[in-house]
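1. Need a 3D model of the following:
(chains A and B)
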Amino acid sequence: MIDINLIRENPEWVKEQLFKRMDTVCFEELLKLDFDKRKLQRQNEDLRAMRNKRSMEIAQLKSAKAAEIQVEAIINLMVKVGEKIAKTDKKINKLEDRIFTILSALPNIPSPEVIPGGKESNRAVKTFGTKPEFTFTPKDHIELCTKLGLIDYERGAKMSGSGTWVYTGMGARLEWALLNYFVDFHIANGYEFIMPPHLLNYESGYAAGQFPKFDDDVFFTNYHKDHKQSRFLLPTSETALINMFRNETIDADKLPIKYFAYSPCYRKEAGGYGSSERGMIRGHQFNKIEMFIFCRSDESAILFNELVSNAEKLVEGLGLHYQTMALAAKDCSSGMAKTYDVELWIPSMNGYKECSSISNATDFQARRANIKTKLMDHVCDGDGCKIVKTTPFVHTLNASGLATSRLLPAIVEQFQNADGTVNVPSALQKYLGGMKLIK
RNA sequence: GGAAGGGUGUCGGAGAGGUCGAACGAGCUCGCUUGGAAAGCGAGUAUAGUGCAAACUAUCGCAGGUUCAAAUCCUGUCCCUUCCGCCA
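-> Numbering: from 1, shown residues only, chains lettered A, B, ... in the order given. Model (predicted):
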């Protein structure tokens, strides 16, 4: 959510920023609603002030045993004032609902360095390694995984339906090894390990910005129309992590808070991408470790770089060829001010596929989830310096670190041999009893 | 799942329709005192919104309701504690 104060005070500037990712921006209705709401609010506050004063009078008169008629007169007057207040409150609520709807639909303001435009404007900021050259005809990961007994797609479909698979034997061990490799890396970096519930309530989804927009993208376990009892399976642990501090004020000396969490991610992927994304490139359930940071506004730009570097190091540690893309404004998801994608080379697709998305949400998520911090700022002007207490919203950042269902295909395809065996990246060998070759 | 009790400021804890943003205590900050510290004394110590300001408004888990007036009464809901049941 964008700060309405920003729009109120500097609508032209906000518009200019949003044009990077939107074709039309118009604040006319929003500003009018906001103006009307504030006017009514002021009116009602004055009425309330009056009522509070007269109510006190009633108490005084009563304790002084004043004439009943005198008291009655004030009470009758206050009945009318009360009715007016209630009426105006209703009007204000209506305006607030509408303002909230409009405001919720607006995307975050892109960071200054983010370039305008869509996917075609994305640019690579880093490339690691090179595309492997094969002296034989390389196989795709579906064939490799099936022949090596790593993944059983058919039985996955039997148990659950399309878009699922079963990790079997070495496949399960390889998956587990990857997760262990990630976990160890993040712990060494001083990030705190979090294992969240996978079943979240509607409020959590709402605060994370999932709902109502993505109602159809997640699996509800018990769907209620009014959402009082609704729970859903998390589509990413980011949804859980942002909610760690929902409606809380975090002590400034605790920031930055650096978390990482492991969870499967459950997604409907309703649209479907057809045969271009066969195998385990896109499924209803995949494993992912997610990094998440709560920090002060002045730290988020630096911490963004840290997250990018972490994601890159994880892939580099496996020796996989990848590129890092700086996404153009329209390609960033709407809540994010800046996003980089780390993309793995998948030979069979003759293309790169995202395995980590690193984003700075600035205060956009925190505003919706109501997460603040207490700061003591030194403010200096002509009369000298003084300490000013403020409670600004925190900044939040998230990054995959990493999604395994994209890594396993990249590993088996990039490291395959002519005979269909696969070399195990050395970083994983210690998690697999020293195994160097999957055959 | 059933029963009972409870959610008040940084913390402990009063308040049980009327001058309550909230007694009292602890903590914390500043000042006095001291060689220094402790003790003692004095002052201060929530957040948000509106306003140039004075000031005003809202907030006692959350959402509604009753009332001229709600921390206080009513309803719903969430959470916590204890007991019973069930169970990896």
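2. Per the annotation, how does chain A divide into domains?
-> If you go by automatic domain parsing, the domain ranges for chain A are A:23-105, A:119-438.
3. Quick check: which of these is buried the most?
-> Neighbour counts (mean count of other CB atoms under 10 Å) averaged over each of those peak at domain A:119-438, with a mean of 18. Placement of C-beta: from N, CA and C, glycine included.
4. Farthest from the middle of chain A: give me that residue.
-> A:A67 (63.2 Å; CA atoms, centre = their mean).
5. Measure how far the longest helix belonging to chain A is from the centre of its chain, please.
-> If you go by DSSP state H, chain A has its longest helix at helix A:68-105. Centroid separation for helix A:68-105 versus its chain: 37 Å, with CA atoms, centre = their mean, to the nearest Å.
6. for stretch A:349-364, the distance to its chain's centre please.
-> Relative to the centre of its chain, stretch A:349-364 is centred 12 Å away, using CA atoms, centre = their mean.
7. Could you see whether RNA strand B lies near that stretch?
-> No. Stretch A:349-364 stays clear of RNA strand B (CB under 7 Å from any atom of the strand), getting no nearer than 12.6 Å.
8. pull the CA atoms of that stretch into PDB?
-> The C-alpha trace of stretch A:349-364 is given here as PDB (Å, rounded to 0.1, in the frame of the first residue of the first chain):
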ATOM      1  CA  MET A 349      14.400 -25.700 -22.600                       C
ATOM      2  CA  ASN A 350      17.200 -23.800 -24.300                       C
ATOM      3  CA  GLY A 351      16.500 -21.000 -21.800                       C
ATOM      4  CA  TYR A 352      16.800 -19.700 -18.300                       C
ATOM      5  CA  LYS A 353      14.400 -20.400 -15.600                       C
ATOM      6  CA  GLU A 354      14.000 -18.400 -12.300                       C
ATOM      7  CA  CYS A 355      15.200 -20.200  -9.200                       C
ATOM      8  CA  SER A 356      15.300 -17.100  -7.000                       C
ATOM      9  CA  SER A 357      13.400 -13.800  -7.000                       C
ATOM     10  CA  ILE A 358      14.900 -11.100  -4.700                       C
ATOM     11  CA  SER A 359      12.700  -8.200  -3.900                       C
ATOM     12  CA  ASN A 360      12.600  -5.000  -1.800                       C
ATOM     13  CA  ALA A 361       9.100  -4.200  -0.800                       C
ATOM     14  CA  THR A 362      10.100  -1.000   1.000                       C
ATOM     15  CA  ASP A 363       7.300  -0.100   3.300                       C
ATOM     16  CA  PHE A 364       4.600  -1.400   1.000                       C
END
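9. avg pLDDT for it?
-> What stretch A:349-364 shows for mean pLDDT is 91.
10. Equivalent analysis for stretch A:308-323, please.
-> pLDDT averaged over stretch A:308-323 gives 95.
11. contact partners of that stretch?
-> The contact list for stretch A:308-323, computed with CB atoms under 8 Å, 6 or more residues apart in numbering, reads A:124, A:126-132, A:181-182, A:185-186, A:189, A:291, A:324, A:340, A:342-345, A:352, A:355-356, A:358, A:399-402, A:407, A:410-411, A:414-415, A:425-428.
12. same thing with stretch A:164-184?
-> Contact with stretch A:164-184 is made by A:145, A:148-153, A:155-157, A:159, A:193, A:260, A:262, A:279-280, A:283-285, A:287, A:289, A:314, A:317-318, A:401-402, A:404, A:407-408, A:411, A:424, A:427-428, A:431-432, A:438, as judged by CB under 8 Å, 6+ apart.
13. ditto for stretch A:97-114
-> Taking CB under 8 Å, 6+ apart as the rule, stretch A:97-114 contacts A:1-2, A:4, A:6, A:14, A:17-18, A:20-22, A:29-30, A:33-34, A:37, A:116, A:301, A:326-329, A:332, A:334-338, A:360-362, A:364, A:368.
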